[in-house]
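Peer 1: show me how the following folds:
(chains A and B)
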Amino acid sequence: MIKYILKRLFQSVIVILLVVCVVFFLLRLMPSDYFFTEDELIKFTEAQKYAKLERLGLMKICPTCDGSGLINEDACPACRESPQASKGTGYVNRSVLAQLGDFFSDMLQMRVFNAKGKEVKSIEPVSLISYLSQKFSGEEPFGELKDGYSIRMMFNLGKSIRLEKNQYVTDVITAKMSVSLSIGLVSLAVSLVLGVVLGVLQARYKDKLFDHIGTGYTVVVNAVPRLVIYTIIMIAGASLLGLPMRYDATAEKPWLTMVLPVVCLSIGSTAGYMLWTRRYMVDELNKDYIRLAKLKGLSDRKVMFRHVLKNAFVPLAQYLPYSILLTVGGSLLVETFFAVPGMGPELTTAIGRYDLPLVQGIVLLYATMGIIGVFLGDLLMTLIDPRIKLTGKGDAR
Amino acid sequence: MKKLLSLVLALAMLATLAVSTAGAEELKNLNTYETKARELETWNIHYSQAAADLNVLCNLIDGLLTNDNHGNLKLNAAKSYESPDGGKTWIFTLNEGMTWFDKDGEVQADVKASDWATGLEWVLNYAKNDSYNASMPMEMIAGAEEYYNYTKALTESDGADAVKALDAEGKFAEMVGIACDDEAGTITYTLIDQLPYFPSVATYNCLYPLSAELIEEVGVDGYRDITWEDMWYSGAYTITYYEYQNQKVFTKSPNYWNDANCKRFDTVTVKMVESASVAFQLFKNGELDHVSLDQATLQGIYNETSDAEYKANLVEARPTKYSYQIHLVYSKNLEDGTTPDTNWNTAIANENFRKSLYYGLDLTNYFARTNAINPLSCQNFCYTGNGVAFTSDGTDYTKLVRAELGLDYDYTAYARVNAELAAQYKAKAIEELTAKGVTFPVTIDYYIKGDSDVAAQTAKVLENIFSECLGDEYVVLKTNTYISSLANEVRKPRKASIHINGWGADFADPINFLGQETYNDTAAYYSNAYSNCNDNDDPDLIAAYQEFTDLVTAAKAITDDMDARYAAFAKAEACMLNHALVIPCSYEVGWELTKINNYSKVYSMYGMQAYRYVDWETNDVPYTTEQMEALAAAYAAE
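Peer 2: Have a look, this model is predicted:
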């Protein structure tokens, strides 16, 4: 088992690295004009554009001319090699590999905080490698620190360049994630409890009125576009119950502003859990061991919950960790609809505004969550049903 | 007698208002909104010229002067100002007890006179501020242009780091006409010439303060990309919550120097919404305190087909400061973005062709997109916005322009449209342009954002207007879309034939408008970024532009007699419009439902002070139409 876990972990790391590299390269294929606001595009000279791209780590001052502004293609081989370098600017494109190298080498970064715990902006953070090498050679990487200042190691994915300008991507993602997570977990709990219980009841009363109502609900939820359902819920919730239409973390009762988003998030997954619980339960109910249990005189309740549900839950359990981790990513539709400042719309907004570090960070997060989710799902299945083996040949997964 | 009568009427209406609003309470917490397209880009007040940023930032840092609800200059950080020599030197004296504080209200430093020098140095330093806001001080303050050029040259020779190390002492103090005395709290600006309107510039962010201690704390790059959590505040509010594209909360600053003399909300929450229709739903649910209505909602309420309960609360908004124009593009490319569109470029250089558009387009239905009840409230005959400058007898500058044009506003008919004249110009244009090889109909490429239904509907209305007013055999308006960046996808490759865009003045002088259209002038924003007039070699077009530019230059040189200056500018503007180099389009005058007394808000047709949430009067229920009319009448009588 340990061997299997290590193997899967190794594979996961490779996949994540590949995803990050592919995204990193793809993003750098974009024309550099997209890094500027409308105002900047009109206003900036070429030299100012290059200076900004340098601040973003996409360009560098030409090593030959050192930004003297006097270079030309004949005198400067570095500029001659760079297709986008402009005569006299002293800037050349940085190779994508160099940028990727920086991205990975700066992932663990040392940052200086003052006594109040506020990061001291005027001292640039340094990468762990650079920090250790300076320490090793007897230097103080940040010079003499004032009293009360402290150095902490932080996970670093760069800083947002447009959406949350100058904020660390990790800080942005953490803040957004916590909002999505709180709403997502509540809705997951609601939909899991409701969905499984109603699914069990549907199976128990198969082909009766309750089952038909449940099936009708599932069909309607899946057939009607979500936006229509959300609009109905929003208008009904606001006009009949007086519930707020927007999520508001600063409201007097913030939980009240979460009600409509939670209802909307739960409505689809409740139908999903109902559908699959009913289906697996009905499958199990038709098996011989259930007939035997009934013949032995076990009560319906015991049969349903101790045997049928336990076995029917195994396939559902596989997706449970994934679903929990998926809540971190939020819901694009619900979060946009109810103005929830979560992760849902963040990726599309970041792509739309060409906020590269943020896009990279979010993709890294999603890739990691997806891989860990599937991995944990496999493990959970083996815990619930010891007959399932993840290693070995033949029937192993 | 007329004044007395209007005063009596206003008092009577106010008395009615007092009875009808008796028992109503003012809002302590204001809930307002912006559409998502208007999210702020930077928290650095010096590094922005965008209204979306300045509408927020004007609440967070106090400038020397502000405006009152009539648009008059009002003291703010300065307790007095004067010019001892008729407008060449301006001395501002600061209030005592002003401080810089962080978002939690913790005092960080005193606001000092030298902070204005630090702010100006930042603006003029090429390596620090990327030329943002540099143009105004460069044109006005002695030595500013020289210092800007010095930093630019130094950046190119010694690199940016050397220039970033410069501060408000040394070379800057030697070169630039600003002297600050921290002891006396005075800031003295020495200008290039007499500029009587200079105090209006003191409301704008190019002359805003900056603490040297903050720069020391966060560094130059840190200040350029400063966040709301790290910036220092000196204004009426601090930001206590901010989520990009979601919400920002302004909270009354606990250490505000002027607390005793101004009325502020406890909090102002600005919610970012997708569209006006979403905002209306939020207003209905009590989550917003005002909403501007889109055409469909307005018509529904007005015609009592939906939400009729709000009909009694419909209020016509006051015009915003933006004067919208149809900007004609004189050097346009085809769809590929590189091949010149010779057909269009030849046609638009022809004055008769332009005049046929000028006199032929009846934009009433276009105005109805903003104001379906009184569309002609939106009509605009001038390039310069109303209320920017006034002559010594209080006459609005635009009235001088209208007199030159022989046009005046008539709210029952669209006075500029003259179908007969348009037909004559059209016939001449067809004759002249056919001889030059132009083929008809001439295609007019118009670009809108692809994901905007509102823009698509408005474009459809425009297409119909062009078709009905000018005929499909003459011109065809073709609506195209861009994905995300107008500058990148349309303006730079020069794909559009026209742009409809609004311009608001930064200070109280017509040069702020007309200076954007001059010929062969690198500082002329619209000439360079929109019309590309410098790249069309038609001699008649060049002559028309040159005539206008010469008149602007002559008017600009008059600094000792403001009436003469405005009269000269009016002639220049009339020249531009008589040649139809630009076609005045509209003002934004919509309808709204509101709990805010629009006549109590800062109202200025220039600058960046209009969104200061200070001294606003509000009601806990939406004002009725009658109540707002009474407030308007009382305001007019003030």
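
Peer 1: low-confidence ranges in the chain?
Peer 2: You didn't pick a chain, so chain A it is. For chain A, applying pLDDT under 70 flags the ranges A:42-43, A:47, A:59-94, A:390-397.

Peer 1: was after chain B, sorry
Peer 2: Ranges of chain B meeting pLDDT under 70: B:1-24.

Peer 1: mind listing what the closest residue to chain B within the stretch 201-350 of chain A touches?
Peer 2: As assessed by Cβ to the nearest Cβ, chain B sits closest to residue A:341 within the stretch 201-350 of chain A, at 3.9 Å. All C-beta spots, glycine's among them, are computed from the backbone N, C-alpha and C. Residues near residue A:341 by Cβ atoms under 8 Å, 6 or more residues apart in numbering or on different chains: A:176, A:179, A:247, A:249, A:335, B:243-247.

Peer 1: Three-state assignment for it, please.
Peer 2: coil (DSSP: H, G, I helix; E, B strand; the rest coil).

Peer 1: so how far is residue B:117 from the residue in the stretch 151-300 of chain A that chain B sits nearest to?
Peer 2: Closest contact between the stretch 151-300 of chain A and chain B, by Cβ to the nearest Cβ, is at residue A:166 (3.8 Å). Per Cβ to Cβ, to the nearest Å, residue A:166 is found 26 Å from residue B:117.

Peer 1: who's more crowded, these two?
Peer 2: Applying other Cβ atoms under 10 Å in any protein chain shown to residue A:166 and residue B:117 shows that residue B:117 carries more neighbours, namely 24 against 20.

Peer 1: roughly how far apart are that one and residue B:203?
Peer 2: 18 Å.

Peer 1: residue contacts, the closest residue to the residue of the stretch 151-300 of chain A closest to chain B other than its chain neighbours?
Peer 2: Counting by Cβ to Cβ, 6 or more residues apart in numbering or on different chains, residue A:166 lies nearest to residue B:225, which is 3.8 Å off, once chain neighbours are set aside. Going by Cβ under 8 Å, 6+ apart, residue B:225 touches A:165-166, B:42, B:44.

Peer 1: what subset of those is buried?
Peer 2: A:165-166, B:42, B:44 (16 or more other Cβ atoms under 10 Å in any protein chain shown).

Peer 1: need the contact list for the nearest residue to residue A:123 once chain neighbours are set aside.
Peer 2: Distances taken as Cβ to Cβ, 6+ apart place residue A:112 nearest to residue A:123, at 4.8 Å, with adjacent residues excluded. Contact analysis of residue A:112 by Cβ under 8 Å, 6+ apart lists A:119-120, A:123, A:125, A:142, A:145, A:149-151.

Peer 1: may I see the buried residues of whichever helix or strand residue A:112 is part of?
Peer 2: Using DSSP states H and E, residue A:112 sits within strand A:108-113. By neighbour count on 16+ other Cβ under 10 Å, the buried set for strand A:108-113 is A:109-113.

Peer 1: cool, and stretch B:290-298?
Peer 2: Using 16+ other Cβ under 10 Å as the test for burial, stretch B:290-298 gives B:290-295, B:297-298.

Peer 1: pull the most distant pair out of the residues you listed.
Peer 2: Farthest apart among these by Cβ to Cβ are B:290 and B:295. That separation is 17.8 Å.

Peer 1: in space, what's closest to the most centrally placed residue in chain B - neighbours in sequence excluded?
Peer 2: Centroid-nearest residue in chain B, with Cα atoms, centre = their mean: residue B:504, separated by 2.4 Å. In space, and not counting its chain neighbours, residue B:504 is closest to residue B:321: 4.0 Å by Cβ to Cβ, 6+ apart.

Peer 1: quick one: contacts for the one you found?
Peer 2: Residue B:321 neighbours (Cβ under 8 Å, 6+ apart): B:385, B:387, B:504-505, B:604-606, B:610.

Peer 1: that one looks like it's in a helix, true?
Peer 2: No: read with three-state DSSP, residue B:321 is coil and lies in no helix.

Peer 1: quick one: it from residue B:368, how far?
Peer 2: Counting by Cβ to Cβ, the separation of residue B:321 from residue B:368 is 22 Å.

Peer 1: quick check: buried residues in the helix or strand containing residue A:263?
Peer 2: Using DSSP H and E, residue A:263 sits in helix A:254-285. For helix A:254-285, a neighbour-count test (16+ other Cβ under 10 Å) marks A:257-278, A:280-282, A:284-285 as buried.

Peer 1: so what's the gap between that helix and the chain middle?
Peer 2: Mean C-alpha position of helix A:254-285 versus that of the full chain (Cα atoms, centre = their mean, to the nearest Å) differs by 22 Å.

Peer 1: which non-adjacent residue is nearest residue B:104?
Peer 2: Nearest non-adjacent residue to residue B:104, counting by Cβ to Cβ, 6+ apart: residue B:238, 7.6 Å away.

Peer 1: now do the phi/psi pair for that neighbour.
Peer 2: Reported as degrees, to the nearest 10, the phi and psi values for residue B:238 are phi -120, psi 160.

Peer 1: beta partners of it?
Peer 2: Residues in a beta bridge with residue B:238, per DSSP bridges, are residue B:251.

Peer 1: farthest residue from the center of chain B?
Peer 2: Of all residues in chain B (Cα atoms, centre = their mean), residue B:435 lies farthest out, 41.9 Å.

Peer 1: state the distance from it to chain A.
Peer 2: 37 Å (Cβ to the nearest Cβ, to the nearest Å).

Peer 1: show me where the stretch 251-397 of chain A has helices.
Peer 2: For the stretch 251-397 of chain A, the helices defined by DSSP state H, counting those that start in this stretch cover A:254-285, A:288-295, A:300-302, A:309-329, A:332-337, A:346-352, A:356-384.
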